[in-house]
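Q: fold the following for me, if possible:
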Amino acid sequence: MKTVLITGANKSIGFETARQLLHQGYYVYLGCRDMAKGEQAAEQLKAEGLDQVEPLLIDVNNGVSVTAAAGALSQKAAVLDVLINNAGVSGGYPQSATDVPVAEVREVFETNFFGVISVTQAFLPLLKRAAEPRIVNVTSGLGSLNLHSDPSWKYYPVKLASYVSSKAALNAYTIVLAYDLRDTAFKVNAVDPGYTATDFNHHSGPGTLPDAAARVVKAAVLGADGPTGQFFSDDNAPETGISPW
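A: The predicted model follows:
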């Protein structure tokens, strides 16, 4: 049975991603900052008959927590087949580049960028033991610098200094990570789940949780002939599914 760790998995897209992967036969570790919420999420899935799941305490902003989580998981599983870096924050509003508090930018980057690097590096030893390891970085269509330079793009006016910058940085890290692992069985990709109705955006998005999670799952279960180092976005590129960086 393949194993997957999903950060920020006790709610929203992360939780629905867990549900869909459980239906596909994966053993799922629900990464969560609050163990009580993680246990509650796991119990909800078990009540649906999806019992190959358990919470894993991990705060992606805390190096000690990340190291402890990697150690704890290594005691539970011989390998980790999939890592989904899903945990993320949006930051406060507005986010004008001229006056956004630097402390706020750092806070967003801690989760959306540095947290991903910390988690990825901590779990690489377990991932390297898998036959076909997969890393999925959940990004945003707003991380596309190419599209942000195009006035005709539908989201062109949505310039959020903290959030956009953090996701663009995450995309860049994804490219470098995929390159570094290019001669291995790893598949490393960034996935934009789309503008989805969640508490992250006060449920303002038009997309649904099942559709958003399905996009993440698709990258998580890529076969050996699947692409690596790509930015998947059905929202930005409905015809090809590949967004410009």
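
Q: okay, buried residues for the longest helix belonging to the chain please.
A: The residue-count maximum for a helix in the chain (DSSP state H) belongs to helix 161-180. For helix 161-180, burial by neighbour count (16 or more other C-beta atoms under 10 Å) applies to 161-171, 173-174, 177-178. Bear in mind the C-beta positions are built from the backbone N, C-alpha and C, glycine included.

Q: mind listing what the most centrally placed residue in the chain touches?
A: Nearest to the geometric centre of the chain sits Asn86, at 2.5 Å (C-alpha atoms, centre = their mean). Neighbour list for Asn86: 6-9, 13-14, 17, 31, 138, 216 [criterion: C-beta atoms under 8 Å, 6 or more residues apart in numbering].

Q: wait, what's in contact with Lys159?
A: Neighbouring residues of Lys159 by C-beta under 8 Å, 6+ apart: 95, 97, 148.

Q: burial measure for Ala97, as a count.
A: Using other C-beta atoms under 10 Å, Ala97 has 12 other residues around it.

Q: looks to me like it is in a strand.
A: No - looking at Ala97 with DSSP: H, G, I helix; E, B strand; the rest coil, it is coil, so not inside a strand.

Q: check it and give its pLDDT.
A: Looking at Ala97, its pLDDT reads 97.

Q: relative to the whole chain's centre, how far out is the host helix or strand of Leu45?
A: Assessed by DSSP states H and E, Leu45 sits inside helix 35-47. Counting by C-alpha atoms, centre = their mean, to the nearest Å, helix 35-47 is centred 20 Å from the centre of its parent chain.

Q: same question for stretch 89-108.
A: Centre to centre, stretch against its chain (C-alpha atoms, centre = their mean), the figure for stretch 89-108 is 20 Å.

Q: just to revisit the earlier point, any idea of the mean pLDDT for the longest helix of the chain?
A: Helix 161-180 comes out at a mean pLDDT of 98.

Q: please export the C-alpha coordinates of it as PDB.
A: Extracted in PDB, the C-alpha atoms of helix 161-180 (Å, rounded to 0.1, in the frame of the first residue of the first chain):
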ATOM      1  CA  ALA A 161       2.300  41.400  -2.700                       C
ATOM      2  CA  SER A 162       2.700  38.800   0.000                       C
ATOM      3  CA  TYR A 163       0.700  35.900  -1.400                       C
ATOM      4  CA  VAL A 164       1.700  36.300  -5.100                       C
ATOM      5  CA  SER A 165       5.400  36.700  -4.300                       C
ATOM      6  CA  SER A 166       5.300  33.600  -2.000                       C
ATOM      7  CA  LYS A 167       3.700  31.400  -4.700                       C
ATOM      8  CA  ALA A 168       6.000  32.700  -7.400                       C
ATOM      9  CA  ALA A 169       8.900  31.700  -5.100                       C
ATOM     10  CA  LEU A 170       7.400  28.300  -4.500                       C
ATOM     11  CA  ASN A 171       7.100  27.800  -8.300                       C
ATOM     12  CA  ALA A 172      10.700  28.700  -8.700                       C
ATOM     13  CA  TYR A 173      11.700  26.200  -6.000                       C
ATOM     14  CA  THR A 174       9.600  23.500  -7.700                       C
ATOM     15  CA  ILE A 175      11.600  24.000 -10.900                       C
ATOM     16  CA  VAL A 176      14.900  23.800  -9.100                       C
ATOM     17  CA  LEU A 177      13.900  20.700  -7.100                       C
ATOM     18  CA  ALA A 178      12.600  18.900 -10.200                       C
ATOM     19  CA  TYR A 179      16.000  19.700 -11.900                       C
ATOM     20  CA  ASP A 180      18.000  18.400  -8.900                       C
END
